[in-house]
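Undergrad: Predicted coordinates and the sequence they were generated for:
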Amino acid sequence: MRITHKGHAIHLDQCVYLQKVIECCGMLNAKSTSTPLPAGYYAAKNTEHVDADLHSRFQMVIGSLLYLMLGTRPDIAFAVTHLLRHAANPSQDHLNKALYICRYLIGTSTYSLVYNGGSGAGLTACTDSDWGSDPTSRLSQTGFYLKLADGLISWTSRVQKTIVYSSTEAEYMALRDCARQVTWI
């Protein structure tokens with residue numbers, strides 16, 4: 001992780017590590033994409049036999065993306081966690097979409113987390129959820145982030161643990177998870 005100081009702002013990035021990931025994935029000459037995943041993409045479960053080579057390659061790519069996501073790239077949180085559910089038995093489609101995330105990172109390689117000490121901004125939080133977006137389990141997706149000094153300090157994107165019967169209930173569960181994190185901070 002690289003930390004740079006410019007005036008009242010501190011910038012955190014993982015540009016050097018990202019470049020190594022792109023190189024290891026064989027994506028140096030790939031075109032960039034504007035989103036981490038194609039709109040409306042849903043990763044279906046692979047029912048075929050586990051291919052050891054595909055499994056190993058997928059684990060390497062998704063593990064590298066997870067490290068980036070946890071460090072300085074909250075913008076890929078949904079995409080990475082969505083594909084991570086299939087790490088035990090990935091398909092070629094799952095690997096292709098993990099490499100799609102790499103293509104997104106090529107175009108956004110200079111993104112960084114910025115903390116502006118001169119902003120005077122305190123702790124702020126934002127949360128959202130959908131309702132039953134997983135077509136097989138009907139579970140909802142939750143996401144939230146917390147900011148301090150206008151910079152992200154905590155973020156998550158995950159599937160809710162129980163099935164809810166309304167969008168209001170899904171939003172309530174998302175708010176509860178976010179409030180728990182705010183209280184802990």
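TA: Thanks, I have the structure now.

Undergrad: Identify the residues contacting the residue lying farthest from the centre of the chain.
TA: Farthest-out residue of the chain from its mean C-alpha position, per C-alpha atoms, centre = their mean: residue 7, at 29.2 Å. The contact partners of residue 7, by C-beta atoms under 8 Å, 6 or more residues apart in numbering, come to residue 118. For every residue, glycine as well, the C-beta is placed using N, CA and C.

Undergrad: Need the phi and psi values for it.
TA: Backbone torsions for residue 7, taken as degrees, to the nearest 10, come to phi 60, psi -120.

Undergrad: and the gap between it and residue 157?
TA: When C-beta to C-beta, to the nearest Å is applied, the distance between residue 7 and residue 157 equals 31 Å.

Undergrad: now do residue 150
TA: Taking C-beta to C-beta as the measure, residue 150 falls 21 Å from residue 157.

Undergrad: With neighbour numbers in mind, choose between the two.
TA: Applying other C-beta atoms under 10 Å to residue 150 and residue 157 shows that residue 157 carries more neighbours, namely 19 against 15.

Undergrad: What is the burial count for residue 49?
TA: Residue 49: 7 surrounding residues under other C-beta under 10 Å.

Undergrad: That one - that's part of a strand, no?
TA: No: Residue 49 is assigned coil when assessed by DSSP: H, G, I helix; E, B strand; the rest coil, not a strand.

Undergrad: In contact with it: list those residues for me.
TA: Residue 49 neighbours (C-beta under 8 Å, 6+ apart): none.

Undergrad: swap in residue 151?
TA: Residues in contact with residue 151 (C-beta under 8 Å, 6+ apart) are 10, 113-116.

Undergrad: centroid residue for the protein?
TA: Closest residue to the average C-alpha location of the chain: residue 77 at 1.0 Å, with C-alpha atoms, centre = their mean.
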